[in-house]
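Undergrad: Structure for the following, please:
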Amino acid sequence: MRGLLSSLRKLEPRWPFFALLYAGLVAVHLIDLHMYLRGSPDFRRWHPWHDDIIHGRGFYPDQYRPLTYWLAELVYRVWLHLGWPHPVTTFEYSHLFVRFLFLLPAFLLLHLYLRRWFSSPACAAGTIFVAAVLPLTIIRCSTCVTDPLNFLVFVAGFWLIRDGKAALLPPLVFIGMLNREVAGLLLVAYVLVNWGRPVREWAPTALAMLGAAAAAWFGLRASYGPRKNWAPTWPGHYFGANFLEWQTWELILLFLGAWVFWAFARLRSKPVFLRRCLAMLPLYFAAHAVSGYIREVRYWLPLFPVILPLAMWSIWEPDAEGEK
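TA: Below you'll find the model as predicted:
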């Protein structure tokens with residue numbers, strides 16, 4: 001524990017202050033989500049949907065994304081055992097509590113990740129921006145519960161890839177794949193970042209990440225068997241909504257911010273790591289554009305660890321000790 005605290009102080013001497021700040025921002029988000037949920041028609045269907053996934057009766061693809069549901073169910077049962085009086089209230093609060101447990105470390109890790117390049121105020125400004133647009137992630141998908149953990153996995157994954165912490169990447173990918181299949185794209189980022197180095201230095205980790213992703217993907221499908229679809233699976237169905245509706249691009253622009261265009265300015269002057277990770281954007285976009293509605297801007301949360309520092313590089317002067 002002392003080693004962890006020492007490392008935190010080295011990265012960010014004022015980390016307790018920022019942890020409290022981000023805890024407050026997450027709490028505000030949860031209050032907003034609570035109020036939004038109570039007015040949503042999805043609220044009454046949420047608990048039965050959750051129960052179906054917990055008991056293996058859910059639909060594709062959510063049945064194969066059970067991790068957040070498992071954790072929320074654990075919290076729910078503990079709280080019921082302790083005597084919380086109302087099952088519906090306890091159920092909702094258990095999911096909100098789990099969301100808090102994922103979003104707070106995600107924000108703090110994002111701040112610490114940005115400290116490699118920027119000053120504390122700049123890192124706080126970038127992280128606060130992410131918190132400010134977080135309410136947009138619940139539009140049209142208020143009961144989609146897998147996004148906070150997915151965001152945390154990507155923040156941690158990009159940090160581990162950047163700092164060469166290869167041993168932790170396969171278990172992170174495995175955990176992430178139990179929550180959302182898109183976590184497997186961290187393998188693409190890892191290969192892009194290490195391309196050009198001797199293959200023997202990075203191929204074992206890449207193969208281990210591939211094995212971890214395959215184990216989670218095939219293991220879940222072997223455990224639950226084939227599932228009926230609850231949404232269309234034909235890619236052509238999503239073409240019109242994703243490419244022909246102005247509201248889609250309006251929401252994406254609101255979420256990422258107009259300043260995101262700065263992320264693509266003077267790219268050659270920016271860190272090689274970020275530029276190589278940016279190369280996965282077409283694949284990430286294509287994977288979501290043919291399988292879902294990209295106007296659900298929650299899909300874009302995992303890209304903030306790449307797009308945010310690229311944009312900040314054009315807006316704020318990088319810290320003197322920042323590395324390229």
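Undergrad: biggest helix in the protein, by residue count?
TA: Counting residues, the longest helix found in the chain (DSSP state H) is helix 87-114.
Undergrad: same for that helix, what does it pack against?
TA: helix 15-38, helix 43-54, helix 67-81, helix 120-133, helix 147-163, helix 304-315 (3 or more C-beta pairs under 8 Å, 6 or more residues apart in numbering; DSSP states H and E). Glycine gets a C-beta too; all of them are placed from N, C-alpha and C.
Undergrad: Any regions of the stretch 201-324 of the chain where pLDDT drops low?
TA: 232-234, 319-324 (pLDDT under 70).
Undergrad: Now do the helices in it.
TA: Secondary structure of the stretch 201-324 of the chain, counting by DSSP state H, counting those that start in this stretch: helices at 235-243, 246-256, 272-278, 281-289, 304-315.
Undergrad: now the longest one against helix 281-289, angle please.
TA: It refers to helix 304-315. 130 degrees (axes from the mean of the first three to the mean of the last three C-alpha atoms, to 10 degrees).
Undergrad: Now do the buried residues in helix 304-315.
TA: Phe304, Pro305, Val306, Ile307, Leu308, Pro309, Leu310, Ala311, Met312, Trp313, Ser314 (16 or more other C-beta atoms under 10 Å).
Undergrad: start to end distance for stretch 285-301?
TA: End-to-end distance for stretch 285-301: 12 Å, by C-alpha to C-alpha, to the nearest Å.
Undergrad: who touches that stretch?
TA: For stretch 285-301, the surrounding residues in contact (C-beta atoms under 8 Å, 6 or more residues apart in numbering) are 130, 133, 136-141, 144, 147, 150-151, 154, 182, 185, 231, 233, 235, 238, 241-243, 245, 247-248, 251-252, 254-256.
Undergrad: 7 Å instead, please
TA: 136-137, 140-141, 144, 147, 150-151, 182, 235, 238, 241-242, 247-248, 251-252, 255-256 (C-beta atoms under 7 Å, 6 or more residues apart in numbering).
Undergrad: how deep is the closest residue to Gly56 other than its chain neighbours tucked in, by neighbour count?
TA: Counting by C-beta to C-beta, 6 or more residues apart in numbering, the nearest residue to Gly56 once its immediate chain neighbours are dropped is Tyr224, at 5.5 Å. Per other C-beta atoms under 10 Å, the neighbour tally for Tyr224 reads 16.
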